[in-house]
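Q: Sequence first, predicted coordinates after that:
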Amino acid sequence: MPPRARARALLALLLLALLSACNSLPPLLDVGGSPPTPARGTPLSTIGPLTSPPFAPTLPVSSPAPPVAPTPVPATGIPAPALPTPPGHLPRDIGYDAGAWAVLFSPGARGEQANGQYIIDKLIGYIDAAQSSIDLAVFETNLTPVAEALIRAHERGVAVRWITDDENGRDADGEEGRGQFALLEAAGIPVRDDLRSAFMHNKFILIDDRILWTGSMNLTTNDVFRNNNNVVVLASPAAVAVYAREFEEMWGGQFGPRSPSNVNGQTVQTAGGLPITIRFAPEDEPFDSLVQLVGLANESIRFMAFSFTQDELGEIMRRRAAEGVVVQGIFEVRGSETAYSEMPAMFCDGLEVRQDGNPGTFHHKVVIIDDFVVITGSMNFSDNAADSNDENVIAIADPAIGRLYREEFVRRWGEATAPDVSCEE
């Protein structure tokens, strides 16, 4: 096995060894209709080091696979929703939708707004196809079409429950453009919140004990159409079972530090063989695992961050850059130049970092390691997020999904600009 492929395989094994009790790596993703995965031993193309302005990547992202419509889910499960676009015409910058799994990116203020509508239609399609249960742990919402779809599901006998944040969810429901929780409760759908100052900041949805929807996107107009976000959809009863335990704990009133840790058994795989590892904050201390994973990078670390103030994560990235690993990152402009942000220290140490170009909000919380391991979820890279909020983090080891996130990184990198930061003592 060539050295690069051997290093990648070792990283995957260490991923599972660090984050679970598993002793071997499940097969890589091999789902019909998925982006082609390079044969073992074939290196993925990478983005080379950035040099002088305009700091463009020196190597392009490898040619994408042709987009496809979702493949039908087996009759025993949930049928895939109808596509809002004809098969074969799914824009690449949405991401990739293979039915059994999907990676989707909201368009941002400068993107194609139809991409955001595709994401809403995808979610409503799953809700309309639900047969037994829908559990939502979602920070906030102002999407009436989603609330109406949940009411339709409830009226046909589907058990629907929603856990939200108190300040930004239930308490904000009386604001202009809101009222969706009132609609749900008037229809008989139970809604609970965390009743504490820290945030119930999760954004995950569980459908029929089979479909997991997670990522950085709140169910709001801004997050779907204006902000940059990512969504991961997996048809995986095993992953849903892990999230369902967390949901039941919160439904029973166990939030934040009061929530028990269940680290063992949190590494699972989909029916297609996709290895995924799940962590919940604060009880599972996800930054410990994230810092270890970043320390294992062989070639590259790329991140997209709404908020990045966590010193230990910033320090390990600077150290790996000094050791020759390519480190590139995009920061949300707001707050990125403060004394708390990791951006000034990274920039002044010569790391390749930029500030985002979205006039809305750059809301990603993503780390991509060696274009192979993707870490995403609801958790910002801050001690407050990790120590106080209820958050979820999912790590996926697969080159096909890694490539999709790398493509999103390159799209957003092209919009971003080099910071104007003084590095004088």
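A: All right, it came through fine.
Q: Residue 245 and residue 262 touch, don't they?
A: Yes: in this structure residue 245 lies within contact range of residue 262 using C-beta atoms under 8 Å: 6.0 Å. For the C-beta atoms, the positions are set from N, CA and C on the backbone; glycine is no exception.
Q: quick one: the helices in the chain?
A: Assigned helices in the chain, in chain order: 3-19, 113-129, 144-155, 180-186, 221, 237-251, 286-295, 311-322, 343-348, 383-387, 399-415 (criterion: DSSP state H).
Q: Save those helices as CSV, and put in mean neighbour count and distance to residue 371 too.
A: CSV is the format used below for those (neighbours: other C-beta atoms under 10 Å; distance: least, C-beta to C-beta, whole Å):
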stretch, mean neighbour count, distance to residue 371
helix 3-19, 18, 9
helix 113-129, 20, 23
helix 144-155, 18, 33
helix 180-186, 18, 38
helix 221, 16, 32
helix 237-251, 19, 22
helix 286-295, 20, 14
helix 311-322, 18, 15
helix 343-348, 20, 20
helix 383-387, 19, 25
helix 399-415, 22, 5
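Q: Compare the ones you listed and give me the one nearest residue 104.
A: Taking C-beta to C-beta, helix 113-129 is the member of the helices of the chain nearest to residue 104, at 5.3 Å.
Q: for the spatially closest residue to residue 115 that is not a sequence neighbour, what are its contacts?
A: On the basis of C-beta to C-beta, 6 or more residues apart in numbering, the spatially nearest residue to residue 115 that is not a chain neighbour turns out to be residue 107, at 4.1 Å. Residues near residue 107 by C-beta atoms under 8 Å, 6 or more residues apart in numbering: 93, 113, 115-116, 225.
Q: Report the separation between residue 107 and residue 94.
A: Applying C-beta to C-beta, to the nearest Å, one obtains 8 Å for the distance of residue 107 from residue 94.
Q: Which neighbours do these two have in common?
A: With C-beta under 8 Å, 6+ apart applied, the overlap between the contact sets of residue 107 and residue 94 consists of residue 115.
Q: So residue 225 sits against residue 106, correct?
A: Yes: under the criterion of C-beta under 8 Å, residue 225 makes contact with residue 106 at 7.0 Å.
Q: more crowded one of the two?
A: Per other C-beta atoms under 10 Å, whichever of residue 225 and residue 106 has more neighbours is residue 106, with 29 against 20.
Q: Look up how far residue 256 lies from the residue nearest to residue 180 when sequence neighbours are not counted.
A: Residue nearest to residue 180 in three dimensions, not counting chain neighbours: residue 147, with 4.1 Å by C-beta to C-beta, 6+ apart. Taken as C-beta to C-beta, the spacing of residue 147 relative to residue 256 amounts to 27 Å.
Q: ok, residues contacting stretch 188-195?
A: For stretch 188-195, with C-beta under 8 Å, 6+ apart as the criterion, the contacting residues are 150-151, 154, 160-166, 169-170, 181, 184-185, 200, 250-251, 255-256, 390.
Q: ok, residue 422 - contacts?
A: With contact set as C-beta under 8 Å, 6+ apart, residue 422 has no partners.
Q: Give me the phi and psi for it.
A: phi -80, psi 130 (degrees, to the nearest 10).
Q: per-residue confidence for it?
A: For residue 422, the model assigns a pLDDT of 90.
Q: quick one: contacts for the residue nearest to residue 193 when sequence neighbours are not counted?
A: Of all residues beyond its chain neighbours, the one nearest residue 193 is residue 166 (4.1 Å), with distances taken as C-beta to C-beta, 6+ apart. For residue 166, the contact set (C-beta under 8 Å, 6+ apart) comprises 193-196, 200.
Q: how about a cut-off of 10 Å?
A: Under the criterion of C-beta atoms under 10 Å, 6 or more residues apart in numbering, the contact partners of residue 166 comprise 172, 192-197, 199-200.
Q: got it, and residue 332?
A: 227-228, 304-308, 341, 343, 355-356, 358, 360-364, 380.
Q: any idea how far the residue nearest to residue 193 lies from residue 201?
A: The gap separating residue 166 from residue 201 is 12 Å, by C-beta to C-beta.
Q: Could you check the pLDDT of the spatially closest residue to residue 224 that is not a sequence neighbour?
A: The spatial neighbour of residue 224 that comes closest, neighbours along the chain excluded (C-beta to C-beta, 6+ apart), is residue 116 at 4.4 Å. In this prediction, residue 116 carries a pLDDT score of 95.
Q: surely residue 174 meets residue 180?
A: No: shown here, residue 174 and residue 180 do not form a contact pair, counting by C-beta atoms under 10 Å, at 11.3 Å.
Q: Now do the shared contacts for those two.
A: Listed contacts common to residue 174 and residue 180 are nil; contacts here mean C-beta under 10 Å, 6+ apart.
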